[in-house]
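In: test case, fold it:
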Amino acid sequence: MTRLATALLLLSTSVALAAPTQLRLVSRGGLTVPAAGTTAPTGLDTLVPSHPEIDLHAYLSGGPTADHPLPTSIPDAPSSGLSVWNSGFSGFDGLNHADQRLAGTGVYANTQFSLEPPDQGLCVGNGFVVETVNTAFAIYDRKGKVLAGPVAANQFFGLRPEIDRKTGLYGDFTSDPKCIYDWTSNRFYITLLQLDVDPATGGFTGPSHTLIAVSRTGNPTGAWDAYALDTTNDGTNGTPSHPGCPCFGDQPLLGFDENAIFISNNEFPVFVNGFNGAQVYGIGKDAFGGNGSVVLFDNLALEEGIAYTVQPASTPPGGKFERSKRGTEFFASSLEFTGGLDDRIAVWAMTGTRSLNGNKPKVDFGYRVVKTLPYGSPPAGTQKEGPTPLRDSLIKLGYDEKLEELESNDDRMQQAVYTDGTLWASLPTIVKPKGDTSYRAGALWFRIDTEVEDHGLRAKLKRQGYLARKGTDILFPSVAVNRAGAGVIGFSVTGPSMWPSSGYVLLDDDGTGALHVAAAGAAPEDGFTGYTAFGGNGTARWGDYSAAVAAPDGSIWIANEYITPRPRTVNANWGTFVSRLKVKGCDDDEGHGHDD
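Out: I've put the predicted structure just below:
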């Protein structure tokens, strides 16, 4: 880790003025999560991978400049220990592949596809834990008892089932769920990507939306309202006309301040190649009652290139929002445009968020580039040999299948948290652990002090550090910090001597502690997406992101993919593990927890 004594202060740059857009009410109080049921392993499933993770670097232009050259190599990162830490820790198995595949009741029973990877969402409040994974949601109590669900995402939002196996007709394509608990309004929010399809073929027809569900109270087992943002952006239905559209907003991200919620996505055309950059929506909370405004900052770009994966921040319960400039929301994004290395990130600020709760919004959006340690897209994760019944069956059929590696995707920003003048964020990166002969997947985290002044945004990098360990791959880090500034970074951890597991490190102003295992993997990853028999290339889908959040009591909750010991389906064995950690600032905390 590195302490920076001075900041790189560049001129803040503003983007184009926001355009108004529309939020459509779909259902008033018509959404509920069915009561908890039971699932069991099933036979051979219909195989439909989650939509392939798009290689952003294939679409981006720009890259290093004379002022910001890329380093020629990644430096060694310090090693940290590996241990199981039990003090102040508890956890339970969350949704697994069997839950996702078999979610749904009534006409939605047996209508789900087999999906890899598990895209992860998590929110905690009022004694409830809501987990969203791919196209299934569930609600738990704090000890892991299932209170409602698993429910199919299409059932929850009142959409057509993914596949009607009796008629062969296809329903709406949905993916990439996110979840937040907004403690200022005592409401839960769930967002979801949706694309229209041809019922006969399952092919995309053009229109797309980001769906938003809002709980009517602080109890997520009760009624929810549903809304839709039209992300087609081809000039129809009041949307802007963007190049190559109709389009869809890939991987919608979710954050909030005390005035509004914020959704950011990466826009890709549906029918042609292209990339229109990040699209950022600001939605006044009053807009969900019909009185506020919705604005869009579209086709975001920096001097260095097209902006992508602009992560909006959330503020932990009891934390301090930025109230200057009539309310300010912060964002963070990577600046690696070429598939190589970079040593800069962008910090963004949307000012005037209070005005989104009226009918005359006056908001501005700008960014500042901050110099960091170098980072770049990580290699695939490795894993230890072990029982792989799906692979064994394919080998018996004549396929030459190897032990899968785990997809680490790229170096886009994973999550951002803001409180009391400080922005925390993390991203995946290539690392060279000390004493290791191989490059591995690791993480880089940041603590950035921010301030909005009359002349623009000020961002000062205070702390940063790699997460790396010899012989270990760290995948998809997510950071959460509570109101006291104590935090946790959660991730999947794997390597040639271990099966894919759930891991974490503690985080505070002094940096990170040792690497801990929250839940040890029970076997190798043995899902269908990496095998050549199903069109794979030897690398299984994993991620595409994890989740971490602070609860109202100050505890930190994380949810990460691992290989669960629970019953599997034929085609996949992934699971998720939900962990609760008592850290400094937790109401029932007895210490910080750095006791190893």
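In: need the strands for the stretch 451-596 of the chain, in chain order.
Out: 456-467, 473-481, 487-495, 498-508, 511-512, 515-519, 539-540, 547-550, 556-563, 574-581 (DSSP state E, counting those that start in this stretch).
In: and for the stretch 101-250 of the chain?
Out: 120-125, 128-133, 136-141, 146-152, 163-164, 169-170, 173-182, 187-197, 204-215, 224-230, 247-256.
In: the fourth one - contacts with which helices or strands?
Out: In terms of contacts (3 or more Cβ pairs under 8 Å, 6 or more residues apart in numbering; DSSP states H and E), strand 146-152 is packed against helix 97-102, strand 136-141. Just so you know, the C-beta spots here come from the backbone N, C-alpha and C atoms, and that holds for glycine as well.
In: TSV for these, including mean neighbour count and mean pLDDT?
Out: Below are the helices and strands packed on strand 146-152 laid out as TSV (neighbours: other Cβ atoms under 10 Å; pLDDT from 0 to 100):
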stretch	mean neighbour count	mean pLDDT
helix 97-102	26	94
strand 136-141	22	97
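In: now render these as TSV, adding distance to residue 462.
Out: Converted to TSV, the helices and strands packed on strand 146-152 look like this (distance: least, Cβ to Cβ, whole Å):
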stretch	distance to residue 462
helix 97-102	40
strand 136-141	35
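In: ok, the closest residue to residue 550 other than its chain neighbours - contacts?
Out: Leaving aside its sequence neighbours, residue 550 sits nearest to residue 316 (Cβ to Cβ, 6 or more residues apart in numbering; 3.6 Å). Residues counted as contacts of residue 316 (Cβ atoms under 8 Å, 6 or more residues apart in numbering) are 417, 419, 480, 481, 482, 483, 549, 550.
In: out of these, who's the most crowded?
Out: Sorting the contacts of residue 316 by how many neighbours each has (other Cβ atoms under 10 Å) puts residue 550 first, at 31 neighbours.
In: which intervals of the chain have sub-threshold pLDDT?
Out: The chain contains residues with pLDDT under 70 at 1-21, 27, 31, 37-87, 589-596.
In: what is the longest helix of it by residue count?
Out: Scanning the chain for the longest helix, with DSSP state H as the assignment, gives helix 389-396.
In: would you point out which residue is most central in the chain?
Out: The centre of the chain sits closest to residue 545, judged by Cα atoms, centre = their mean, with a distance of 4.3 Å.
In: next up, the contacts around that residue.
Out: Counting by Cβ under 8 Å, 6+ apart, residue 545 has contacts 119, 120, 251, 414, 415, 476, 478.
In: can you tell me which of those is closest to residue 259?
Out: Each of the contacts of residue 545 was scored against residue 259 by Cβ to Cβ, and residue 415 proved nearest at 20.8 Å.
In: wait, that closest one sits on residue 479?
Out: Yes - taking Cβ atoms under 8 Å as the definition, residue 415 is a contact partner of residue 479 at 5.6 Å.
In: shared neighbours, those two?
Out: With Cβ under 8 Å, 6+ apart, residue 415 and residue 479 have common neighbours 425, 426, 548.
In: closest one to residue 189 out of those residues, please.
Out: Comparing the shared contacts of residue 415 and residue 479 against residue 189 with Cβ to Cβ places residue 548 closest, at 16.7 Å.
In: the closest one pairs with what?
Out: Beta-bridge partners recorded for residue 548 (DSSP bridges): residue 558.
In: so residue 256 sits against residue 262, correct?
Out: Yes - using Cβ under 8 Å, residue 256 is in contact with residue 262, at 6.5 Å.
In: which residues are common contacts for those two?
Out: Joint contacts of residue 256 and residue 262 (Cβ under 8 Å, 6+ apart) are 312, 329.
In: could you give the number of residues near residue 158?
Out: There are 13 residues near residue 158, going by other Cβ under 10 Å.
In: give me phi/psi at it?
Out: The phi/psi pair for residue 158 (degrees, to the nearest 10) reads phi 70, psi 30.
In: of all the helices and strands packed on strand 146-152, which one is nearest residue 505?
Out: Nearest of the helices and strands packed on strand 146-152 (Cβ to Cβ): strand 136-141, 24.3 Å.
In: and the closest one with strand 128-133, angle?
Out: Computed by axes from the mean of the first three to the mean of the last three Cα atoms, to 10 degrees, the angle separating strand 136-141 from strand 128-133 equals 160 degrees.
In: by contact count, what packs against strand 136-141?
Out: Using 3+ Cβ pairs under 8 Å, 6+ apart, strand 136-141 sits against strand 89-96, helix 97-102, strand 128-133, strand 146-152, helix 153-156.
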